[in-house]
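>>> Only the shape, not the letters, is given here:
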Ligand code: NAD
Ligand code: TDX
């Protein structure tokens with residue numbers, strides 16, 4: 001039985017991965033999570049007690065990390081400060097967790113030889129113009145825009161250097177925008193759904209024409225598991241699902257799914273440095289590892305996500321007022 005350590009497993013994508021792994025494999029899973037504002041044990045309910053353990057701690061704690069590496073066969077590293085808007089008002093925790101935290105894990109991987117998979121984002125590549133036919137590939141030069149994406153880019157480069165200089169057994173994946181259950185209400189899709197539940201109109205930054213490439217969190221999980229088990233050490237894999245949509249069309253889909261007119265939204269102050277478009281070419285993952293996504297129907301994915309937030313108000317309600325208070329200060 002594989003013993004898997006998952007950092008950041010109480011957050012959005014990490015918790016979806018933990019649920020996915022425990023439902024689809026016989027691996028045991030330990031989650032290491034600091035439980036920042038973005039992590040909650042409520043996301044880890046109902047898991048099989050004989051195969052699941054939770055450890056409350058910080059990925060920057062070298063002693064704890066080193067002990068946990070020795071007790072596991074492989075590590076998947078999701079823990080991060082993950083929200084661009086927060087990184088614009090308060091970048092320090094991004095530098096600490098995303099850079100120092102990754103360094104701490106890499107040193108443990110170096111000392112123990114444990115297999116390490118690093119979770120990253122397409123934002124490390126910067127952005128594309130709306131009319132550019134190009135998509136990001138594994139060889140696109142790094143060009144991050146925000147404090148968040150620059151610390152993720154830096155963490156990826158640390159991984160590459162630790163592979164090359166020290167022979168660490170690592171792989172990296174860079175995924176596009178995820179959606180699905182258990183995503184924090186600060187993020188775009190949950191914010192608009194929960195605003196509508198509260199009778200507040202959706203808010204689009206700038207002209208609302210920025211494009212994101214959406215993938216369901218379960219497709220991200222299946223891709224990560226494939227890379228962990230079949231990926232080539234030292235390689236980077238891009239994960240996507242051909243889900244390009246403008247923010248306007250995403251909000252229209254949410255409004256439609258919730259029974260409102262498609263134009264019942266407001267345009268608000270733009271995000272400084274707002275990336276225009278992301279788009280992923282995931283053909284390497286398909287051609288080399290045989291992975292394909294299985295949740296590409298965005299409308300039904302949005303309907304299911306709306307239903308999840310309607311049915312799980314006790315999960316998101318405690319975070320809603322503080323998330324909106326931050327946005328109010330930014331005029332968004
Ligand atoms: P999230 O903010 O929902 O969750 C992050 C988790 O990490 C939380 O549970 C938090 O408590 C934990 N954490 C933060 N600092 C920690 C520390 N110092 N020590 C231990 N735990 C800590 O984030 P998410 O959206 O689930 O993103 C997870 C990962 O996936 C990140 O690395 C992110 O860069 C990457 N990613 C996210 C997306 C997306 O669309 N959300 C897309 C591509 C890649
Ligand atoms: O209220 C809003 N209105 C709005 O128009 C919010 C919260 C966002 N937006 C826009 C900004 C982006 O163009 O929606 C888009 C998506 O915004 P976010 O959910 O903040 O995601 P993004 O900045 O694209 O980053 C996400 O995808 C890549 C994750 O938060 C990152 O962790 C991941 O690396």
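Structure's in. What do you need? Every value quoted in this text rests on a predicted model; they were computed, and no experiment measured them. Ligands and ions are numbered 1, 2, ... in the order given.
>>> In this structure residue 29 contacts residue 6, no?
Yes - between residue 29 and residue 6 there is a contact at 5.8 Å, judged by C-beta atoms under 8 Å. Glycine gets a C-beta too; all of them are placed from N, C-alpha and C.
>>> Tell me the residues that contact both of the two, please.
Counting by C-beta atoms under 8 Å, 6 or more residues apart in numbering, the residues touching both residue 29 and residue 6 are 18, 21.
>>> Enumerate the residues of this protein near ligand 2.
82-84, 121, 123, 177, 187-188, 191, 203-205, 210, 212, 247, 271 (C-beta under 6 Å from any ligand atom).
>>> if I look at residue 125, how far off is ligand 2?
Going from residue 125 to ligand 2 by C-beta to the nearest ligand atom, to the nearest Å gives 11 Å.
>>> Distance of that residue relative to residue 149?
Using C-beta to C-beta, to the nearest Å, residue 125 is found at 9 Å from residue 149.
>>> could you pull out the helices for the stretch 101-250 of the chain?
Using DSSP state H, counting those that start in this stretch, the helices found in the stretch 101-250 of the chain span residues 102-112, 147-166, 188-197, 217-230, 247-257.
>>> any idea of the mean pLDDT in stretch 241-252?
The average of the pLDDT scores along stretch 241-252 is 98.
>>> Quick one: distance of that stretch to the chain centre.
Offset of stretch 241-252 from its chain centre (C-alpha atoms, centre = their mean, to the nearest Å): 17 Å.
>>> List the buried residues for it?
Residues of stretch 241-252 classed as buried: 241, 243-248, 250-252 (neighbour count, 16 or more other C-beta atoms under 10 Å).
>>> Does it reach ligand 1?
No - Stretch 241-252 lies out of reach of ligand 1 by C-beta under 6 Å from any ligand atom, never closer than 11.3 Å.
>>> for the record, mean pLDDT for stretch 289-304?
Stretch 289-304 shows a mean pLDDT of 97.
>>> Distance from it to the middle of the chain?
So, by C-alpha atoms, centre = their mean, the centroid of stretch 289-304 is 16 Å from its chain's centroid.
>>> what's that stretch in contact with?
Contacts to stretch 289-304, defined as C-beta under 8 Å, 6+ apart, come from residues 179-180, 189, 214-216, 218-219, 222-223, 226-227, 230-231, 237, 241-243, 245, 250, 253-254, 257, 285-286.
>>> For the stretch 1-150 of the chain, which segments count as strands?
3-7, 28-33, 52-56, 74-77, 115-121 (DSSP state E, counting those that start in this stretch).
>>> now these in JSON lines, with mean pLDDT and distance to residue 142?
Formatted as JSON lines, the strands of the stretch 1-150 of the chain follow (pLDDT from 0 to 100; distance: least, C-beta to C-beta, whole Å):
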{"stretch": "strand 3-7", "mean pLDDT": "99", "distance to residue 142": "22"}
{"stretch": "strand 28-33", "mean pLDDT": "99", "distance to residue 142": "27"}
{"stretch": "strand 52-56", "mean pLDDT": "98", "distance to residue 142": "32"}
{"stretch": "strand 74-77", "mean pLDDT": "98", "distance to residue 142": "18"}
{"stretch": "strand 115-121", "mean pLDDT": "98", "distance to residue 142": "11"}
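>>> rewinding a little: go through the buried residues of stretch 241-252 and say which is closest to ligand 2.
Ranked by distance to ligand 2 (C-beta to the nearest ligand atom), these are led by residue 247 at 4.7 Å.
>>> these two touch, right, the closest one and residue 207?
No - using C-beta under 8 Å as the test, residue 247 is too far from residue 207 to be in contact (9.1 Å).
>>> about what we covered before: just so I know, which of the helices of the stretch 101-250 of the chain lies nearest residue 55?
For these, proximity to residue 55 was assessed by C-beta to C-beta; helix 102-112 is nearest, at 13.9 Å.
>>> Pull out the buried positions in the closest one.
Going by neighbour count (16+ other C-beta under 10 Å), the buried part of helix 102-112 is 102-110, 112.
>>> Make TSV out of the strands of the stretch 1-150 of the chain and add distance to ligand 1 and mean neighbour count.
Shown next, in TSV, are the strands of the stretch 1-150 of the chain (distance: least, C-beta to the nearest ligand atom, whole Å; neighbours: other C-beta atoms under 10 Å):
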stretch	distance to ligand 1	mean neighbour count
strand 3-7	6	24
strand 28-33	5	24
strand 52-56	9	16
strand 74-77	7	24
strand 115-121	4	24
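>>> Now render these as CSV, adding distance to residue 157.
As requested, these are exported to CSV (distance: least, C-beta to C-beta, whole Å):
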stretch, distance to residue 157
strand 3-7, 19
strand 28-33, 23
strand 52-56, 28
strand 74-77, 15
strand 115-121, 10
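>>> gap between the residue of the chain found nearest ligand 1 and residue 130?
For the chain, the residue closest to ligand 1 is residue 11, as judged by C-beta to the nearest ligand atom, at 2.0 Å. Going from residue 11 to residue 130 by C-beta to C-beta gives 30 Å.
>>> Those two: who's more crowded?
Neighbour totals were compared for residue 11 and residue 130, and residue 11 leads with 26 against 11 (other C-beta atoms under 10 Å).
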